[in-house]
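# take this sequence and fold it.
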Amino acid sequence: MSNRSKLLVVLTSQDILPTREGVKTGWYLPELVHPYNVLNPYVDMVFASPKGGEAPIDPYSIEDSKNDEECQRFLRDEEALWKETKSLDAIIDRADEFLGAFFVGGHVSMFDLANDSISHSLTRRFYESGKIVSAVCHGPAALVNVKLSDGSCMIQGQTVTGFSNAKEDAYNFTSVMPFLLEDALKNHGGKYEKAGQLFGLKVVVSGKQGNLVTGQNPSSAAVIGKTLLELIQKL
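Numbers count the residues shown, from 1 in each chain. Sure, this is the predicted structure:
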């Protein structure tokens, strides 16, 4: 039994893009692998998803990462991590065990995690107790609808980032998304920031206790891992 601190890693359970018939999808491989590799030597990560069991990987992200040795090694050696996830409702009573949560991106986080009440409850508990709440790319979709105990939006007045409208347009996904993440972050009171270049990296730290960490896109994944490690080592 490890005595190391635990971080909850949350993946989508959605395996089909509802608005494009037959299109397989899921969480985005490098957005998990690069933070995982930074954090794994220092913290135990517990993997969860709304439904539990196998959390699907976006096939495009596997193809897009075929020359990424870290991603290919992870696919080969760490299969159990995403094929045997805990369900979020099995985690809710264990919230005190964790340093906080990290939400991995993937377009379909916009469909399930954005509306998952158990995820929202966990996030509220973590945030209000000063624990880490973090997400990358489309992962911040899990944060936009989180309400605090006083009824206010968690991200209201906080500096945040996430997948931009311009990138959604560049990928021709604007018409098939249930909402645009950049717009939602702004509409819920977040102070949205993005990189100067379309594919540039951006990670921001905010929150009333400096515990809200968001990254804009896949290229931000390794940096968000390093940022989380710095926060964890201060706890």
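
# tell me, how many residues neighbour the closest residue to residue 148 other than its chain neighbours?
Nearest non-adjacent residue to residue 148, counting by C-beta to C-beta, 6 or more residues apart in numbering: residue 154, 5.6 Å away. From N, CA and C alone the C-beta is placed, and that goes for glycine too. A total of 25 residues lie near residue 154 under the criterion other C-beta atoms under 10 Å.

# residue 147 is in contact with residue 154, correct?
Yes: in this structure, residue 154 is within contact of residue 147 by C-beta atoms under 8 Å, at 6.9 Å.

# could you tell me which residues touch both of those two?
Shared contacts of residue 154 and residue 147 (C-beta atoms under 8 Å, 6 or more residues apart in numbering): residue 124.

# so for the longest helix seen in the chain, what's the average pLDDT?
Scanning the chain for the helix with the most residues, using DSSP state H, yields helix 221-234. The pLDDT scores in helix 221-234 average 96.

# confidence score at the residue nearest to residue 148?
98.

# same deal with residue 14?
96.

# got the contact list for it?
By C-beta under 8 Å, 6+ apart, the contact set of residue 14 is 25-26, 56, 108-109, 111-112.

# wait, which of the residues you listed is closest to residue 100?
Lowest distance from residue 100 to these (C-beta to C-beta) belongs to residue 109, with 17.4 Å.

# which residues does that closest one contact?
Residue 109 is in contact with 12, 14, 27, 103, 138-139, 141-142, counting by C-beta under 8 Å, 6+ apart.

# surely it is within a helix?
Yes: per DSSP: H, G, I helix; E, B strand; the rest coil, residue 109 lies within a helix segment.

# any idea how far it is from residue 96?
To residue 96, residue 109 is 25 Å away according to C-beta to C-beta, to the nearest Å.

# try residue 119
Residue 119 is 17 Å from residue 96, by C-beta to C-beta.

# more neighbours: which of the two?
Neighbour count, other C-beta under 10 Å: between residue 119 and residue 96, residue 119 has more, with 27 against 8.

# so where's the protein uncertain?
Where the chain drops to pLDDT under 70, the residues are 1-2.

# what about the strands in it?
For the chain, strands defined by DSSP state E occupy the ranges 6-10, 44-49, 86-87, 98-103, 132-136, 159-160, 191-192, 203-206, 212-215.

# output the contacting helices and strands for the first one.
Counting contacts by 3 or more C-beta pairs under 8 Å, 6 or more residues apart in numbering; DSSP states H and E, strand 6-10 packs against helix 29-39, strand 44-49, strand 98-103.

# what's it in contact with?
Against strand 6-10 from outside (C-beta under 8 Å, 6+ apart): 32, 36, 39, 43-49, 88, 91, 97-104, 113, 119, 122, 132, 142, 228, 232.
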